[in-house]
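Novice: predicted model, plus sequence, below.
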Amino acid sequence: MKLFSGSHLATLGALGLFGFSSLVFSAHSETDLSKRQAPNTVYPGHESEMTGSYNQTIWVLPIDKSVAKSMAGGNYELLEHGLDSSYIGPNQHPLLIVAGYMYDIRQGITKVNQLSSTSVYVPFVDRTGQGKPFLCSTLTLLDQLVPTLVGFLSQITVTGLANYDPPHNAYKNTGINDFSLTITQGTTILTPNLAVTKFQSNFHATPQQSIKSEQFISMVNQPFYKPLTGLCNYQTQLYNETFSSPFFVTGQVQTFNPVTPSTMVFNDAQGWTATAEWISGSGLGQSCSNFV
């Protein structure tokens, strides 16, 4: 059984008409980016699924293959990724981090106005042994736990509460084309000294680098699995709305346990930022063979 519906695949195919490969660098002011906090346009017709508008920055980070395989559960082979070898070396594998601000989240009659969310994935995992790339979902950090979103929470392998700077936004403007996002854990209001940084990014807009927009899109739309359950599910992220406002970014990304097993610093990290219309299957997931 194929879990990507014909409408999902048709919409993904239509992304080529949006001309991502021809995107060029331009200045992005805070006013321009405020338009990204846009309504959920995919809820009609997908009422039983999780949907929302997701203002996100996608980072692709080079890590050792041995670390990637361990993070993916250790039992599955890593597939060839096809990314530029000058950025992801021969003994490395990409790590995918999607960080941002979800808006107008809906499932059935449930609606949540906003949710800061960061997900960590190992992409290009041969989960079924048939050469089909899967994402391994290793961690999700949320700024609030929403019990009503049972379908969403049940999909996440490891969920942690975290503090976001800035709160209720995808990133902080630190200059005309400069941005930052910091994620900490610990009680920051009563005991701010206990807050421990888990993820830090300082970045700026840039022309396209070695990873193309189509490659970012393809990676985040791989079906994903959860090592603790062994089950798989899908998420479809669409970037064909006028308010998507995509552009490339680069900068320094720092990760700390549990985002990565040990502290890592990535200088000149490559990323892509846009607003996605997000659709995800609800429930505990299904057999991974259904996605091949």
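Specialist: Happy to help now that I have it. Numbering: from 1, shown residues only.

Novice: element containing the residue nearest to the spatial centre of the chain, please.
Specialist: Ranked by distance to the mean C-alpha position of the chain (CA atoms, centre = their mean), the top residue is residue 98 at 2.5 Å. Remark: residue 98 resides in strand 92-107, with elements defined by DSSP states H and E.

Novice: chain center to that strand: distance?
Specialist: The chain centre lies 2 Å from the centre of strand 92-107; the measure is CA atoms, centre = their mean, to the nearest Å.

Novice: that strand - contacts with which helices or strands?
Specialist: Using 3 or more CB pairs under 8 Å, 6 or more residues apart in numbering; DSSP states H and E as the contact criterion, the elements in contact with strand 92-107 are strand 50-64, helix 65-71, strand 110-126, helix 150-155, strand 196-206, helix 213-220. Every residue, glycine included, has its C-beta placed from N, CA and C.

Novice: and it, average pLDDT?
Specialist: For strand 92-107, the mean per-residue pLDDT is 94.

Novice: where in the protein is pLDDT low?
Specialist: In the prediction, the chain carries residues with pLDDT under 70 at positions 1-35, 37, 146-158, 187-193.

Novice: residue contacts, residue 184?
Specialist: For residue 184, the residues meeting the contact criterion (CB atoms under 8 Å, 6 or more residues apart in numbering) are 162-163, 165, 195-198.

Novice: secondary structure class for it?
Specialist: For residue 184, the assignment made with DSSP: H, G, I helix; E, B strand; the rest coil gives strand.

Novice: torsion angles phi and psi at the closest residue to residue 231 other than its chain neighbours?
Specialist: With sequence-adjacent residues excluded and distances taken as CB to CB, 6 or more residues apart in numbering, residue 231 is closest to residue 285, at 3.2 Å. Geometry field for residue 285 lists phi and psi as phi 110, psi -180, criterion degrees, to the nearest 10.

Novice: and if you look at the one 5 residues further on?
Specialist: Reported as degrees, to the nearest 10, the phi and psi values for residue 290 are phi -70, psi -10.

Novice: got it, and residue 80?
Specialist: Backbone torsions for residue 80, taken as degrees, to the nearest 10, come to phi -60, psi 140.

Novice: ok, the residue lying closest to it once chain neighbours are set aside - contacts?
Specialist: Nearest in space to residue 80, with sequence neighbours left out and distances taken as CB to CB, 6+ apart, is residue 124 at 7.4 Å. Under the criterion of CB under 8 Å, 6+ apart, the contact list for residue 124 reads 78-81, 93-94, 133, 219, 222.

Novice: quick one on the thing from earlier: tell me which of the helices and strands packed on strand 92-107 sits most buried.
Specialist: For these, the largest average neighbour count (mean count of other CB atoms under 10 Å) is found in strand 50-64, namely a mean of 23.

Novice: chain center to it, what's the gap?
Specialist: Between the centre of strand 50-64 and the centre of its host chain there is 2 Å, according to CA atoms, centre = their mean.

Novice: next one: stretch 247-254
Specialist: Its chain's C-alpha centre lies 14 Å from the corresponding centre of stretch 247-254 when counted by CA atoms, centre = their mean.

Novice: who's in contact with it?
Specialist: 23, 25-26, 28, 57, 59, 61, 97, 179, 197, 199-209, 213, 263-274.

Novice: please save the CA atoms from it in CSV.
Specialist: Included here for stretch 247-254 are C-alpha records, laid out as CSV according to Å, rounded to 0.1, in the frame of the first residue of the first chain:
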residue,chain,number,x,y,z
PHE,A,247,16.3,31.5,0.4
PHE,A,248,19.7,29.9,1.2
VAL,A,249,21.6,30.6,4.4
THR,A,250,25.0,29.8,5.8
GLY,A,251,26.6,30.3,9.2
GLN,A,252,27.8,28.5,12.3
VAL,A,253,25.7,25.8,13.9
GLN,A,254,26.6,24.3,17.3
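
Novice: appreciated, that's everything.
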